Every structure is written in structure tokens, then in C-alpha cells.
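> structure for the following, please:
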Amino acid sequence: MTDLLWGISVDSVDDPIADLTDEITIPRWIDQEISPSTVAAILQGGCASGAYTPAVTYHDALETMRRHGDSHDGVLQYLEDLGELPDPLVLGDSISWSELACLYVSCAVELWASNIEDDLRRLLTT
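Residues are numbered from 1 along each chain as shown. As a prediction, the model looks like this:
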């Protein structure tokens, strides 16, 4: 997908996905203005590359987890439904709440991006 998006000259890659289609659901805990080019950057380098800073900025990740962490359609439920909760020990023996929030939000955003990749490719090439 990233090769497709970086090589295509369609103005809509920077438009919000929500403006392009109603076929792709954007969870409430992801910026509703997210664009196909941002999704491509997430797929290419992950959130930690700077592609999606709300997932790796302590304040933003903590706020996301406060608002949407454990709701029925929240971050943790999404991870459990479509994958599994990442092991926090990957961050080391002593981790902060902020680091844990970044881990969970980043993993959920990256999982969502990979799950919509095919639908987004279809949208942009038809």
C-alpha cells in the first residue's frame, strides 16, 4: 500500500478518509481527520516514526486511554478483539503509565491501519 500511495498522484490521499467513503470505519480513538497518506506512513514506519504522533505523545496517549481505553469499543477491546494485548514487559521492567498508554494506543492504531489497507487500496484505485 505504501508504494501505491507514494507513487500515486491523486489529490484525495490527503483528504480525510471519512470524506472519501463511509465504508471504512474509523474508531473514535483515532483522529477522525486521518488521511490515506497518514495511514500509508503508519504502515511504512509505525506510529513511533512520527507518522501518528497522538499515539506516541505521552499526554495525547494518556488522554486517549482515559477517554477510550476500556469502553466496549475502546482501545483495549479493539486489541483483544482483533489481536491480543501487547506484553508491557517489551518496554522493560520499570514502565510508566504514559509508556503503557503509548504502547497500547500505538499497537491499536497500527493494527487498525493494517486491517483497512486493502479497503483503502481499493478505494484509491477505482
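> residue 82 - nearest residue in space that isn't next to it in sequence?
residue 111 (5.8 Å; CB to CB, 6 or more residues apart in numbering). For glycine as for every other residue, the C-beta is placed from the backbone atoms N, C-alpha and C.
> and whatever helix or strand the one you found lives in, which residues are buried?
Assigned by DSSP states H and E, residue 111 belongs to helix 97-125. Of all the residues in helix 97-125, those buried under the rule 16 or more other CB atoms under 10 Å are 100-113, 116-117, 120, 123-124.
> and if you look at stretch 35-48?
35, 36, 37, 38, 39, 40, 41, 42, 43, 46, 47.
> and the spatially most central residue of the chain, what's its pLDDT?
By CA atoms, centre = their mean, the chain has its centre lying nearest to residue 109, at 2.2 Å. Looking at residue 109, its pLDDT is 97.
> that one and residue 93, how far apart?
25 Å (CB to CB, to the nearest Å).
> repeat that for residue 123.
From residue 123 to residue 93 the distance is 44 Å (CB to CB).
> what of residue 37?
With distances taken as CB to CB, residue 37 is found 38 Å from residue 93.
> quick one: the helices in this structure?
2-7, 17-20, 36-45, 58-68, 75-82, 97-125 (DSSP state H).
> for residue 89, which of these is the nearest?
Minimum separation from residue 89 across the helices of the chain (CB to CB) falls at helix 97-125, 10.4 Å.
> one step back: so the residue nearest to the centre of the chain makes contact with residue 30?
Yes: if you go by CB atoms under 8 Å, residue 109 and residue 30 touch, sitting 6.1 Å apart.
> could you list the low-confidence segments of the protein?
Within the chain, the stretches with pLDDT under 70 are 1-12.
> what do you get if the cut-off is 80, keeping everything else the same?
Low-confidence segments of the chain (pLDDT under 80): 1-13, 83, 90-92, 126.
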